[in-house]
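*Asks:* A structural model of the following input is requested.
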Amino acid sequence: MQNRYKLWIILSLVVAFGAGLLGGVISQRYYYHKLGNSRPAGGQHGGPHFPSLEQMSRELGLSADQQASIKTIFVDNDVRLKGLRTEIHSRLGTIRSELKDKIDAVLTPEQKAKLEARIEKYVEQRKSDADKKQGADKDRSQDKPTGEMK
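*Replies:* Below is the predicted model of the structure:
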């Protein structure tokens, strides 16, 4: 008789755990991502994001001239940021290359081959993740209302 109660208690706990897990997955996929909160708090790239032009216009009541001026500022800023990203990418590449040369000097040929295979696997995974993210971003951008400016 007691074994029957234990079985029911265990089964109830498993069902409750499964329901909680399912609820969490569903809320993550359909609620959390639809709100645009797929990045960690503070942004993945180090800080809060600047509001879009539409958000600023709506919250601050910007005139058409102000919107045009701010849009120009955003465009000019994008050019500067792209230049900075290019410079940083180049410098990081140099540092990574120097680091790899120093590590290669310590490793045996077999270890170097294993490291190369691991690096290649990592690069392929990053490309795959980037492709998936790009597809998700494209899908998300198609869901946005047409009047939104960013």
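
*Asks:* just checking, what packs against the longest helix belonging to the chain?
*Replies:* For the chain, the longest helix by residue count, based on DSSP state H, is helix 64-106. Applying 3 or more C-beta pairs under 8 Å, 6 or more residues apart in numbering; DSSP states H and E, we find helix 64-106 packed against helix 53-60, helix 109-143. Every residue, glycine included, has its C-beta placed from N, CA and C.

*Asks:* how distant is that helix from the center of its chain?
*Replies:* Taking C-alpha atoms, centre = their mean, to the nearest Å, one finds the center of helix 64-106 at 17 Å from the center of the full chain.

*Asks:* same deal with stretch 18-26?
*Replies:* 22 Å.

*Asks:* before we move on, back to that, just the angle for the longest helix of the chain relative to helix 53-60, thanks.
*Replies:* 130 degrees (axes from the mean of the first three to the mean of the last three C-alpha atoms, to 10 degrees).

*Asks:* pLDDT (mean, whole number) over helix 64-106?
*Replies:* Helix 64-106 carries an average pLDDT of 91.

*Asks:* equivalent analysis for stretch 13-29, please.
*Replies:* 82.

*Asks:* outside of that stretch, which residues touch it?
*Replies:* Residues from elsewhere that reach stretch 13-29 (C-beta atoms under 8 Å, 6 or more residues apart in numbering): none.

*Asks:* picking that back up, looking at the helices and strands packed on helix 64-106, which is buried most?
*Replies:* Neighbour counts (mean count of other C-beta atoms under 10 Å) averaged over each of those peak at helix 53-60, with a mean of 14.

*Asks:* now it: average pLDDT?
*Replies:* Averaging pLDDT along helix 53-60 yields 88.

*Asks:* so which elements touch that helix?
*Replies:* Secondary-structure packing of helix 53-60 (3+ C-beta pairs under 8 Å, 6+ apart): helix 64-106.
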